[in-house]
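Engineer: A structural model of the following input is requested.
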Amino acid sequence: MLALIVVMAVVKPAQNPDDPRPTTSNNGPQGAKAAFLVLQRLGRKVSQGNRSVAEFNDGMGDAEAARTTLVLAAPEYDQTELPRLRAELERFLKRGGRVLSTGPSGAELLPGGEVKARGLLQPELCKTTPEGPGELARAGSVEMVEGAQWADDSAKFEVEQRCGEEAAVVRFAVGKGEAIWWASAAPLENDELSNDADLKLLLASVGAGRDVVFDESLHGAAKTVWDAAKGLPVRWLAVQAALLFVLLVVSFSRRRGPLRSPVGLPRSSPVEFATSMGDLYEKAGASSAATEAARRRLLRVLTREAGVAKGTMEEGPEAIAEALRLRLGGDWSLVSEHLQEARRAEDEVITMRSALALVRALSEDAKRVRARLAARQSVESRESVLEEERL
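Structural biologist: Below is the predicted model:
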């Protein structure tokens, strides 16, 4: 069990459902794993970019850059790195690449991208309004969390959707490439991607026939339990704990191990008792005792479970069969015959074979009564439920 826990922790580490980062490995509400998988299912070449932007840019030729879309979903970076990152993205765009960047931090990475603070009276969550005939506008209205607003409203920047009066989806050309900005990464998050407009906006933004790379190098690492263990001799502690566990198991099992069952059955065994009683009945020829016991068991089922009245029981087997017919329906003449045979067996000596057949018949009669009662209760319960639903 310990080995299984360790293997599962390594192979499939637990995901934090409150992780706000839109990464492709985050399957929480705000993750981007669904977008990654949907694009894969649509036959697109999708990958995770774990290298720096400079290494990513240097690792491809102009032709490859011209058919690649880089997705920067709510990127995180130090402000000292901003000039270098912006220059690398501008170089990638001028080579024909496409960049989809989201949020205030994503706007600052784009050439000429600037944001301003949201108005005090403007709600943070808004429903966008498509503007113009552009492909991004035709995707339809989506929900955006507007943390900041696009500052430059010049003709250079084509606004495709707005939150109120402010731009929420912007596109503009940079050299041979194109840059697209969303006010937030909400449309590509797991919770929102099931909406038709959000999926259309994602597909229109990444472009048709392009390879898609989700940049993961600009997402801050989430704090985990292992971060607190850095600097500790975890390996040696684990080895010592494992040795201590083995020692405890060995020492306990030597004293508490299972006992081997005896080969022979003890004389107090229920099987031996039943065999002895059977031999006694056979030697005494007491077939009437067995048939009488089976008859009494059937009568108890009829009175306690089937509800046959005591007066009916005293009238005889035929009255019992008629009561069962009225109460449960069907033909119960065999019950009457078996009860009559059991009554005659009290006064007559019958063979063991006949007694065994009669005992089995009486037991089958009891099972049949119980089965009919169970079926009737099931029907009544279904009718009660249907009546309650009708009311």
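Engineer: for the strand ranked longest in the chain, buried residues please.
Structural biologist: Using DSSP state E to define each element, the chain has its longest strand at strand 166-174. Buried residues in strand 166-174, counting neighbours by 16 or more other C-beta atoms under 10 Å, are found at 166-172, 174. In this view, the C-beta of every residue, glycine as well, is placed from N, C-alpha and C.
Engineer: nearest to D19, of those residues?
Structural biologist: Sorting the buried residues of strand 166-174 by how near they are to D19, with C-beta to C-beta, puts A168 at the top with 24.3 Å.
Engineer: tell me where the stretch 101-250 of the chain has strands.
Structural biologist: Per DSSP state E, counting those that start in this stretch, the stretch 101-250 of the chain carries strands over the ranges 115-117, 125-127, 129-130, 143-145, 148-150, 158-163, 166-174, 177-182, 211-215.
Engineer: returning to what we had before: list the helices and strands the longest strand of the chain packs on?
Structural biologist: Taking 3 or more C-beta pairs under 8 Å, 6 or more residues apart in numbering; DSSP states H and E as contact, the helices and strands that strand 166-174 lies on are helix 82-94, helix 135-138, strand 148-150, strand 158-163, strand 177-182.
Engineer: partners of it in the sheet?
Structural biologist: In its sheet, strand 166-174 lies beside strand 158-163 (antiparallel), strand 177-182 (antiparallel), with partners assigned from DSSP bridges.
Engineer: avg pLDDT for that strand?
Structural biologist: Along strand 166-174, the predicted local confidence has a mean pLDDT of 91.
Engineer: domain-wise, how is this protein divided?
Structural biologist: 19-215, 283-390 (automatic domain parsing).
Engineer: nearest to L248, out of these?
Structural biologist: Proximity to L248 (C-beta to C-beta) singles out domain 19-215 among those, at 37.2 Å.
Engineer: residues in contact with stretch 324-343?
Structural biologist: Residues from elsewhere that reach stretch 324-343 (C-beta atoms under 8 Å, 6 or more residues apart in numbering): 291-292, 294-295, 298, 302, 306-308, 317-318, 320-322, 358, 361-362, 365, 369, 372-373, 376.
Engineer: one more time with 6 Å
Structural biologist: 291, 295, 317-318, 321, 358, 361-362, 365, 372 (C-beta atoms under 6 Å, 6 or more residues apart in numbering).
Engineer: buried ones among these?
Structural biologist: The buried subset of the contacts of stretch 324-343 - by 16+ other C-beta under 10 Å - is 291, 295, 317, 321, 358, 361-362, 365, 372.
Engineer: for the stretch 201-350 of the chain, just list every one of the helices.
Structural biologist: Secondary structure of the stretch 201-350 of the chain (DSSP state H, counting those that start in this stretch): helices located at 234-256, 270-284, 287-300, 310-315, 317-328, 333-345.
Engineer: which of these sits closest to R41?
Structural biologist: The closest of those to R41 is helix 234-256. By C-beta to C-beta, the value is 39.4 Å.
Engineer: pLDDT of the closest one, averaged?
Structural biologist: In this model, helix 234-256 carries a mean pLDDT of 81.
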